[in-house]
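Peer 1: Below: sequence and its predicted model.
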Amino acid sequence: MQNILDKIGEIAEKEKIKVYLVGGPVRDFIMKNEIKDIDICVEGNGISFAKILKKYFNCGLKTYSEFNTATLFLAHFSIDIATSRKETYPYPTSLPVVENGDIFTDLARRDFTINSIALSLDKKRGFIDPFSGRDDIKKGLVRVLHKKSFIDDPTRIFRAIRFKQRFDFRLEKETKKLLKQSIRIINKLSPERIRTEIMLLLKEQKKEEIFSQLYKLGVLDIIKLKPPQPGVSTSLFALIDPDKMPDFLTKSERQIAQGILKISLKEDLLKKAEKPSQIYQILFGIPEESLVFRMNQKPVIKGKIKEFLNVYNKVKLEITGRDLEKLGIKKGPIYKELLTKTLLAKLDGKIKGKQVHLVEEEINFVKTLLIHFFLDIR
Ligand code: ATP
């Protein structure tokens, strides 16, 4: 990586372009943490510079002309290249208005002092640190650049807690006050933006601590999530209360959350259920993700859910509606009833026989059912 940065610096000098390593990688470099991705900021035109680098490294390139940014894909990592810019927020939580700027305006648009340091990639390799981010790294402080920071962009509330917990830092006193004052504004963020932040938090190692802290601050209540439960590993579904579904969930996540609730409501019934057909009837139709989630969370019902997933849910009938038609049964809701009853009987081992005879056995069972129906009707 060092070689690549040297090379980028060399090319930039030759082209007379000012290029900087910025944000996360500079912070991680100073903290001696592993650097995951390279973020480069170019004073001038990021895309043109990315094209020059593409030729040199002979690698993949994707450009985003609307943002004046590009990504280079090298063998083991990627390099994001942006054009230095200035951002202003016309109103709180709006997306920023972007204009060209230099490295200073680019650093000034950022979230915290620890993320607002640049390292020039020319031979001098100097830090540009207008907000004393290096001091804050030393002191272990997360500090905003200005008073309106959280109001302009409340996603920074999530980011502040994320970095604080990740690095075991503290919120600087004034920052903490400003953060607490801005919490209500989270309401104004779109569900998509909240979702992005939640997904990033869930990737963090100390996610339990992060969500506990967000709970204490009142953030979880606003976005309709529960606090993490002690002893339960924190996944998205462990934080969802199906009675107050968060707005940022996808349709399938909603269904999974509802499935988890269904299993909880039927837990006592499931504990008592003995026959495979009883277990099947309780759990059929619930999404597999809900079943797996509950299975890992509740040892008492784990065995039954496992049996359902591995065995009962895979049992299928040999016969279909066609066979019922052939028996001369008039089409209607009775088809579903007959097939379901036959399947339940099969689950309980009431329909046995060699594979070649199974169709016959199932048809025989349907016939006995029909006799019962007939007798009932009479
Ligand atoms: P991570 O290690 O989690 O990737 P990062 O600092 O690289 O941390 P990114 O989300 O990749 O974080 O953002 C890159 C940089 O862009 C940040 O370091 C910060 O300077 C800036 N940035 C990101 N999000 C915001 C924001 N909401 N407001 C202001 N600046 C931001």
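Peer 2: Cool, the structure landed.
Peer 1: Would you mind listing what in the stretch 51-200 of the chain touches the ligand?
Peer 2: Residues of the stretch 51-200 of the chain lying close to the ligand (CB under 6 Å from any ligand atom) are 110-111, 115-116, 153, 155-156, 159. Any C-beta I mention is one placed from the backbone N, CA and C, and that applies to glycine too.
Peer 1: per-domain residue ranges of the chain.
Peer 2: 1-139, 140-232, 251-313, 321-377 (automatic domain parsing).
Peer 1: Residue 332 and the ligand, how far apart?
Peer 2: 59 Å (CB to the nearest ligand atom, to the nearest Å).
Peer 1: by contact count, what packs against the helix or strand harbouring residue 11?
Peer 2: Residue 11 is part of helix 2-15, with elements assigned from DSSP states H and E. When contacts are defined as 3 or more CB pairs under 8 Å, 6 or more residues apart in numbering; DSSP states H and E, helix 2-15 packs onto strand 18-22, strand 38-43, helix 46-57.
Peer 1: Determine the set of other helices and strands touching the last one.
Peer 2: Read it as helix 46-57. Contact partners of helix 46-57 among helices and strands, from 3+ CB pairs under 8 Å, 6+ apart: helix 2-15, strand 60-64, strand 69-73, strand 78-83.
Peer 1: Which strands border the last one, and is each parallel or antiparallel?
Peer 2: Looking back up the chat, that one is strand 78-83. Taking DSSP bridges as the criterion, strand 78-83 sits next to strand 38-43 (parallel), strand 69-73 (antiparallel) in its sheet.
Peer 1: same question for the next helix or strand after it, mean pLDDT?
Peer 2: Using DSSP H and E, the next helix or strand after strand 78-83 towards the C-terminus is strand 85-88. Here strand 85-88 scores 93 as its mean pLDDT.
Peer 1: what does strand 85-88 rub up against?
Peer 2: 68, 96-101, 105-106, 108-109 (CB atoms under 8 Å, 6 or more residues apart in numbering).
Peer 1: Closest residue of the chain to the ligand?
Peer 2: residue 24 (2.2 Å; CB to the nearest ligand atom).
Peer 1: circling back to that earlier point, hey, least reliable of the domains of the chain by pLDDT?
Peer 2: Averaging pLDDT over each of these puts domain 321-377 lowest, since it has a mean of 88.
Peer 1: which helix is the longest one in this structure?
Peer 2: helix 358-377 (DSSP state H).
Peer 1: in that one, what's buried?
Peer 2: Residues 358, 361-363, 365-366, 369 are the ones in helix 358-377 that count as buried (16 or more other CB atoms under 10 Å).
Peer 1: Repeat that for stretch 321-333.
Peer 2: Buried positions in stretch 321-333, judged by neighbour count with 16+ other CB under 10 Å: 323-324, 329.
Peer 1: Out of these, which sit inside helices?
Peer 2: 323-324.
Peer 1: Helices along the stretch 151-300 of the chain, start to end?
Peer 2: All helices of the stretch 151-300 of the chain, identified by DSSP state H, counting those that start in this stretch, fall at 155-167, 173-182, 191-202, 207-217, 219-222, 251-265, 267-272, 276-283, 288-297, 299-310.
Peer 1: Tell me the gap between the first one and the middle of its chain.
Peer 2: Put simply, helix 155-167 sits 16 Å off its chain's centre (CA atoms, centre = their mean, to the nearest Å).
Peer 1: and it, what does it pack onto?
Peer 2: With contacts taken as 3+ CB pairs under 8 Å, 6+ apart, helix 155-167 sits against strand 141-142, helix 149-152, strand 170-171, helix 173-182, helix 191-202, helix 207-217.
Peer 1: Let's have these in JSON lines, adding mean neighbour count.
Peer 2: Listed next are those as JSON lines, based on neighbours: other CB atoms under 10 Å:
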{"stretch": "strand 141-142", "mean neighbour count": "24"}
{"stretch": "helix 149-152", "mean neighbour count": "22"}
{"stretch": "strand 170-171", "mean neighbour count": "18"}
{"stretch": "helix 173-182", "mean neighbour count": "16"}
{"stretch": "helix 191-202", "mean neighbour count": "16"}
{"stretch": "helix 207-217", "mean neighbour count": "18"}
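Peer 1: out of these, nearest to residue 354?
Peer 2: Counting by CB to CB, residue 354 lies closest to helix 191-202 out of the helices and strands packed on helix 155-167; the figure is 50.2 Å.
Peer 1: And the contacts of that closest one?
Peer 2: Under CB under 8 Å, 6+ apart, the answer for helix 191-202 is 155, 158-159, 161-162, 186, 207, 210-211, 214, 223, 225, 234-236, 246-249.
Peer 1: Weed out the non-buried ones from those.
Peer 2: Neighbour-count burial (16+ other CB under 10 Å) applied to the contacts of helix 191-202 gives 155, 158-159, 161-162, 186, 207, 210-211, 214, 223, 225, 234, 236, 246, 248-249.
Peer 1: Apart from its neighbours in sequence, what residue is nearest residue 232?
Peer 2: residue 238 (5.2 Å; CB to CB, 6 or more residues apart in numbering).
Peer 1: Can you list phi and psi of residue 232 for me?
Peer 2: phi -100, psi 130 (degrees, to the nearest 10).
Peer 1: What separation is there between it and residue 298?
Peer 2: Per CB to CB, to the nearest Å, residue 232 is found 10 Å from residue 298.
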